[in-house]
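Peer 1: structure for the following, please:
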Amino acid sequence: MLVEMKQIVKDFGPVRAVDHVNLTVHGGEILGLLGENGAGKSTLMNVLAGTFPPTSGDILLDGEKVVFHNAMQAMRRGIRFIHQELNLCNDLTVFENLYLAQEIRGPGPLLNKKEMARRSAEIFRRMNVDIDPWALVEDLPIAAKQLVEIARSLLFKCDLIIMDEPTTALSNREIENLFTIMRQLKEEGIGFIYISHKMPEIFTICDTYTVLRDGCFVDSGRIADIDEKRVTEMMIGRQLADSAFDNKPCYATEETVLGAENLTGETFRDISFALRKGEILAFTGLQSSGRDELADALFGVAPCKGTLTLHGAPLTGSVRRRMKRRFGMVPRNRKERGIHNDLSILDNASMGYYNALMTRPLISMKEELARYAREKQALSIKADTPANPITSLSGGNQQKVILARWLEAGADVLLFDNPTQGIDVGTKFEIYHLLIELARQGKSILIFSSEFPEIMKVADRCIILYMGQINRIMERSEMNEEDMMYYSTGANLERGTAQTDTAERMVP
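Peer 2: As a prediction, this is how the structure comes out:
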């Protein structure tokens, strides 16, 4: 047995985050650690990784009781933790980040930068990724930063690697590369604890599972003995009915709210569509489909050519101008693009109103609190006090605060880019119901997502992108995962039937 945690308790003041939890991991095993946001997963792993000590309980490595007073002690004993929130120094190079606090020196007292860069390049070749060790981290896209975090754990000898949502920003190819590396290390006897809300990943890469709920142990066993439905029930303590979305009503009217004609940007071209009032219109596609860039362009973050109209009038200019026109965006990569870590829950919720609707020079705290209280109740935001920092909330509740920001600003067109990224399964269903309710209220909604099951639950129509162009537009009645993947991969293009394909589909 590689690691054994016995009766671990962790209290933060009067709050018990972990309550007498047992967990075991063997060498050459990938354990999926499952639970909703707030279930105690990250807290338990921070105890194991030496970030803070347990209130009570024991940790055994290879049968030997250990006590870690800091993360460095845990790393020296072969435990590496890849955190969900990136821990990189943006003003250092890639190799400097990889070797931070473990630099190679010599000859003499100086750092051997060439050797560190060489070994870093070897790791990236092993991972089958193209990252320059001499590049500044601040110049890397989010996906590359995620891979740098992973590389840092692979660079040094270790016995256990803890991964907390490691694939959030990775493409399908990068995820497959990561899984290949994990399987190779598993064959070498290295153990893994893998935390993810993406059930397909859990069932693809994990051998065993442990489920936590409300800080308590629920169950453990072999992945082969359970299915996604059973895991979901254990995580949330109740059943969730997918069938609730089978007969989702369509609230779309004939009125066009947002119109796009021949939009062309750096990675997409000739995109035309019409979003109707009360409609939920989804965009999907694989990596390099232009999906992310199109979302940014619609909100004015990235430039594009073509014609974009809102309520029949041209929509041009800055993000702020779009906000004033009642257009809001819940962005992907929430922690980097959606929330302001140093501000309170209240300030994060109110900043949309400040920029879009406020005309007075002074803020009325009474009105601000009233707006927040209204949205908190409407969106079921779980927060103790609005003065707390936004980082005190779970990912799902942070996402609700971002949505509250746009509802306070009176947005009637809402763009959601990966709306349930890093959110547990129970909160995902809450978000889905919120989207449908907003459509019922007459809001017009754009969803950009790579998760086909998610799109099938909420969307009235789906536009499938391939290599920067519209390859297929599917009505709700036509949507199924097989066909959506078929058009996302461009398999139909062998017959030259992009975008208006109505012929019988050939199996590629």
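
Peer 1: which other helices and strands does the one helix or strand Leu407 maps to contact?
Peer 2: Assessed by DSSP states H and E, Leu407 sits inside helix 395-408. Secondary-structure packing of helix 395-408 (3 or more CB pairs under 8 Å, 6 or more residues apart in numbering; DSSP states H and E): strand 327-330, helix 334-337, helix 345-356, helix 365-379, helix 425-440. Where you see a C-beta, it was placed from the backbone N, CA and C, and this is true even at glycine.

Peer 1: if we use 7 Å, what do you get?
Peer 2: strand 327-330, helix 334-337, helix 345-356, helix 365-379 (3 or more CB pairs under 7 Å, 6 or more residues apart in numbering; DSSP states H and E).

Peer 1: now, of those, which is deepest in the fold?
Peer 2: Of all those, strand 327-330 has the most neighbours on average by mean count of other CB atoms under 10 Å, namely a mean of 25.

Peer 1: what comes into contact with it?
Peer 2: Residues outside strand 327-330 that contact it (CB atoms under 7 Å, 6 or more residues apart in numbering) are 299, 310, 338, 352, 399, 402-403, 406, 409, 411, 413-417, 419.

Peer 1: any residues touching the helix holding Leu407, and which ones?
Peer 2: For helix 395-408, the surrounding residues in contact (CB under 7 Å, 6+ apart) are 37, 328, 330, 334, 338-339, 345, 348-353, 371, 375, 379, 381-383, 390, 393, 414, 422-424, 427, 431.

Peer 1: surely Gly300 forms part of a helix?
Peer 2: No - assigned with DSSP: H, G, I helix; E, B strand; the rest coil, Gly300 falls outside any helix and is coil.

Peer 1: contacts only, for it.
Peer 2: Contacts here follow CB under 7 Å, 6+ apart; on that basis Gly300 touches Gly317, Ser318, Val319, Arg322.

Peer 1: tabulate those residues in JSON lines, adding columns for neighbour count and distance to Glu233.
Peer 2: Putting those into JSON lines (neighbours: other CB atoms under 10 Å; distance: CB to CB, whole Å) gives the following:
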{"residue": "Gly317", "neighbour count": "11", "distance to Glu233": "49"}
{"residue": "Ser318", "neighbour count": "10", "distance to Glu233": "47"}
{"residue": "Val319", "neighbour count": "14", "distance to Glu233": "42"}
{"residue": "Arg322", "neighbour count": "24", "distance to Glu233": "42"}
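
Peer 1: quick one: which two of those residues are the most distant?
Peer 2: Greatest spatial distance among the contacts of Gly300 (CB to CB): Gly317 and Val319, at 8.6 Å.

Peer 1: which residues in the stretch 401-508 of the chain form strands?
Peer 2: All strands of the stretch 401-508 of the chain, identified by DSSP state E, counting those that start in this stretch, fall at 413-417, 444-448, 461-466, 469-475.

Peer 1: before we move on, the earlier item: list the buried residues in the helix holding Leu407.
Peer 2: Buried positions in helix 395-408, judged by neighbour count with 16 or more other CB atoms under 10 Å: 395-408.

Peer 1: relative to strand 413-417, how tilted is that helix?
Peer 2: 160 degrees (axes from the mean of the first three to the mean of the last three CA atoms, to 10 degrees).

Peer 1: contacting residues for the residue lying closest to Met456 once chain neighbours are set aside?
Peer 2: Once flanking residues are discounted, Met456 sits nearest to Met479: 5.0 Å by CB to CB, 6 or more residues apart in numbering. For Met479, the contacting residues are Ile455, Met456, Cys462, by CB under 7 Å, 6+ apart.

Peer 1: with Ser450 instead?
Peer 2: For Ser450, the contact set (CB under 7 Å, 6+ apart) comprises Thr284.

Peer 1: hmm, try it at 8 Å
Peer 2: Counting by CB atoms under 8 Å, 6 or more residues apart in numbering, Ser450 touches Thr284, Gly285, Leu286, Arg291, Asn418.

Peer 1: tabulate the residues you listed (CSV), appending neighbour count, pLDDT and secondary structure.
Peer 2: Shown next, in CSV, are the contacts of Ser450 (neighbours: other CB atoms under 10 Å; pLDDT from 0 to 100; DSSP: H, G, I helix; E, B strand; the rest coil):
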residue, neighbour count, pLDDT, secondary structure
Thr284, 25, 93, strand
Gly285, 28, 89, coil
Leu286, 18, 79, coil
Arg291, 25, 91, helix
Asn418, 24, 88, coil
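
Peer 1: need the max-distance pair from these.
Peer 2: With CB to CB as the measure, no two of the contacts of Ser450 lie farther apart than Leu286 and Asn418, at 13.9 Å.

Peer 1: quick one on the thing from earlier: turn the strands of the stretch 401-508 of the chain into TSV, including mean pLDDT, mean neighbour count and distance to Leu493.
Peer 2: Below are the strands of the stretch 401-508 of the chain laid out as TSV (pLDDT from 0 to 100; neighbours: other CB atoms under 10 Å; distance: least, CB to CB, whole Å):
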stretch	mean pLDDT	mean neighbour count	distance to Leu493
strand 413-417	94	25	26
strand 444-448	96	25	22
strand 461-466	95	24	7
strand 469-475	96	19	7
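
Peer 1: sorry, back to before: dump the contacts of Ser450 to JSON lines, plus distance to Thr93.
Peer 2: Output for the contacts of Ser450, formatted as JSON lines (distance: CB to CB, whole Å):
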{"residue": "Thr284", "distance to Thr93": "36"}
{"residue": "Gly285", "distance to Thr93": "33"}
{"residue": "Leu286", "distance to Thr93": "31"}
{"residue": "Arg291", "distance to Thr93": "30"}
{"residue": "Asn418", "distance to Thr93": "29"}
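
Peer 1: in the protein, which residue is closest to the centre?
Peer 2: Gln421 (3.0 Å; CA atoms, centre = their mean).

Peer 1: so which of the strands of the stretch 401-508 of the chain gets nearest Arg80?
Peer 2: strand 413-417 (30.8 Å).

Peer 1: that closest one pairs with which strands, and in what direction?
Peer 2: Neighbouring strands of strand 413-417 in its sheet, by DSSP bridges, are strand 327-330 (parallel), strand 444-448 (parallel).

Peer 1: which residues touch it?
Peer 2: Under the contact criterion CB under 8 Å, 6+ apart, strand 413-417 has outside partners 257-258, 275, 292, 295, 298-299, 310, 326-332, 403, 406, 435, 438, 443-449.
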